[in-house]
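*Asks:* Provide a 3D model corresponding to the input given below.
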Amino acid sequence: MEEHNVLTRPSLRERGWILSYLRDETVGGVLLIIAAAIALIWVNSPWGDGYVSLVNYEVGIPALGLELSLGVWAADALLAIFFFVVGLELKHELIVGSLSKPSQAAVPAIAALGGMVVPALLYLAINSSMDGGSTKGWGIPMATDIAFALAVLAVFGRKLPVALRAFLLTLAVVDDLGAIAVIAVFYSDKFSLPWFVAALVMFVAYGLAQRFRWTSPWFYVPVAIIAWYFTYKSGVHATVAGVILGFLTRVKTDPGEAESPADRLAHRIHPISAGVAIPIFAFMAAGVDLRSLGIVDALTAPVALGVIVGLVIGKPVGILLFAWVTATFTRASLAKGIAWRDVFAIGILAGIGFTVALLIAELGYKSDYETLESAKGAILAASLVAALLAAVVLILRGKHYTRLAAIEDIDANNDGIPDVYQDTRDGETGNTSGTADPPQR
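*Replies:* Residues are numbered from 1 along each chain as shown. Below is the predicted model:
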């Protein structure tokens, strides 16, 4: 097997897609943090009972079996929008993005797998060996919250190279795919085959409409809503419908098309997901009531320790270890300017597991209030610790990232295209991926 570089600079087109996507997530991350902070302060204030009443307030259509609390609506409906965007991202990455070339996809994809496996194993080890432990929440430390992570980058890592931002995005997308698979298989209940078959019919209808190039929202919106409802009634968690619909959306352009349907939908719906759906869910889910539990008791319970160790230690160790082993066996080298310490830094940042971690906690411990509150508190604490550690590492590498950014941003002829994408040494003007850089072990 020939030597090749990984974590290279993305193509010019992919660079634009990544930066546009990450801008929306950064804004959403700030709103998410604000919403979570408001919920945490409110529930632990003298008016905390009002927050609890709001989250548990039921609204809906009883005749359809949809009289749900606002908290459940946020988890099942609003997060379906979020996972629809995840499905679009995943399809983009697999077909035209960083996961479309096996040689380039192997290291980040397997690194993401390590970032899921190691935290889950650490959680299981801790909770299997301690009195009062519970293994039901093993899926909690698997997830990465890209929005929260990007909010940290906006403050402490503004000059982070695009290649490392793309790596973080790939980790988050693969993590989300793993999380939704775990939710579908291990955290769904009361499975109903007739409703599931009905949901499959809706998915087939959506896929066929994409294949035959139908474009009317008057068809797609009702089909998506009905598919979500049938999935909910089947016992499979309703957010799974969002991922499936996103993945069924066409991502390649036809002749004469400026954008594919997947990219058009991502541009329209991603701001709603990042700016509305995720912050509202964070507000509904992040209100950890410490008035009766106490912060020390909540964070020293076996479940909490498993979550904290999994996210803060398991994530970076799993990502770095699996990435290094994969690179070694595939004779891959890091691109020029990227070192293994940078991979570790991204691993620490990936330890910020918020939105999906809170969802899995609610699914795993919905009937155990104290354990649920402990798990939520641990998610908040672990995410804060991971954010602080990542900030320190990013600051220490700040000068190096600034030098790389200065090179990537040079546009001597003022044509709007960075000169690194017009370097003829790469053999294809305007489409370099950075693969011409000499190997660096």
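
*Asks:* what helix or strand does the residue most central in space within the chain sit in?
*Replies:* Most central in the chain under C-alpha atoms, centre = their mean is residue 172, positioned 3.8 Å from the mean C-alpha point. Taking DSSP states H and E as the criterion, residue 172 maps to helix 162-186.

*Asks:* Just the mean pLDDT for that helix, thanks.
*Replies:* Mean per-residue pLDDT for helix 162-186: 84.

*Asks:* circling back to that earlier point, roughly how far apart are the closest residue to the residue nearest to the centre of the chain other than its chain neighbours and residue 350?
*Replies:* Excluding the flanking residues, the one nearest residue 172 by C-beta to C-beta, 6 or more residues apart in numbering is residue 146, at 3.8 Å. C-beta coordinates here come from the backbone N, C-alpha and C atoms, glycine included. Distance of residue 146 to residue 350, given as C-beta to C-beta, to the nearest Å: 9 Å.

*Asks:* Could you do residue 154 as well?
*Replies:* Taken as C-beta to C-beta, the span from residue 154 to residue 350 is 16 Å.

*Asks:* Which residue of the two possesses the greater neighbour count?
*Replies:* residue 350 (29 against 16; other C-beta atoms under 10 Å).

*Asks:* thinking again about what came up before, residues in contact with the residue nearest to the centre of the chain?
*Replies:* The contact partners of residue 172, by C-beta atoms under 8 Å, 6 or more residues apart in numbering, come to 144, 145, 146, 149, 350.

*Asks:* top of the residues you listed by neighbour count?
*Replies:* residue 144 (34 neighbours).

*Asks:* Residue 315 is in contact with that residue, correct?
*Replies:* Yes. Look at residue 144 against residue 315 with C-beta atoms under 8 Å: they come within range, at 7.4 Å.

*Asks:* Mutual contacts of the two, please.
*Replies:* The overlap between the contact sets of residue 144 and residue 315 (C-beta under 8 Å, 6+ apart) consists of 115, 350, 351, 353.

*Asks:* Phi first, then psi, for the third one.
*Replies:* When quoted as degrees, to the nearest 10, the phi and psi of residue 351 stand at phi -70, psi 0.

*Asks:* so how far is residue 385 from it?
*Replies:* 8 Å.

*Asks:* between the two, what contacts are shared?
*Replies:* Shared contacts of residue 351 and residue 385 (C-beta under 8 Å, 6+ apart): residue 312.

*Asks:* The two: which is more packed in?
*Replies:* Between residue 351 and residue 385, counted using other C-beta under 10 Å, the more crowded position is residue 351 (30 against 16).

*Asks:* helices or strands up against the top helix by length along the chain?
*Replies:* The longest helix of the chain (DSSP state H) is helix 12-43. Applying 3 or more C-beta pairs under 8 Å, 6 or more residues apart in numbering; DSSP states H and E, one finds that helix 12-43 contacts helix 48-56, helix 146-156, helix 162-186, helix 261-272, helix 278-285.

*Asks:* 6 Å instead, please
*Replies:* Other elements packing on helix 12-43 under the criterion 3 or more C-beta pairs under 6 Å, 6 or more residues apart in numbering; DSSP states H and E are helix 146-156, helix 278-285.

*Asks:* Could you identify which of these has the lowest mean pLDDT?
*Replies:* With a mean of 81, helix 146-156 has the lowest mean pLDDT of those.

*Asks:* got the CA positions of that one in PDB?
*Replies:* Output of helix 146-156 as PDB, limited to C-alpha atoms (Å, rounded to 0.1, in the frame of the first residue of the first chain):
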ATOM      1  CA  ILE A 146     -20.800  20.000  17.000                       C
ATOM      2  CA  ALA A 147     -22.600  23.300  17.800                       C
ATOM      3  CA  PHE A 148     -21.300  23.500  21.400                       C
ATOM      4  CA  ALA A 149     -17.800  22.600  20.100                       C
ATOM      5  CA  LEU A 150     -17.900  25.300  17.400                       C
ATOM      6  CA  ALA A 151     -18.900  27.900  20.000                       C
ATOM      7  CA  VAL A 152     -15.700  27.000  21.800                       C
ATOM      8  CA  LEU A 153     -13.700  27.300  18.600                       C
ATOM      9  CA  ALA A 154     -15.300  30.700  17.900                       C
ATOM     10  CA  VAL A 155     -13.600  32.000  21.000                       C
ATOM     11  CA  PHE A 156     -10.400  30.000  21.300                       C
END
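
*Asks:* one step back: what separation do you get for the residue nearest to the centre of the chain and residue 245?
*Replies:* Distance, residue 172 to residue 245, using C-beta to C-beta: 19 Å.

*Asks:* do residue 376 as well
*Replies:* Counting by C-beta to C-beta, the gap from residue 376 to residue 245 is 29 Å.
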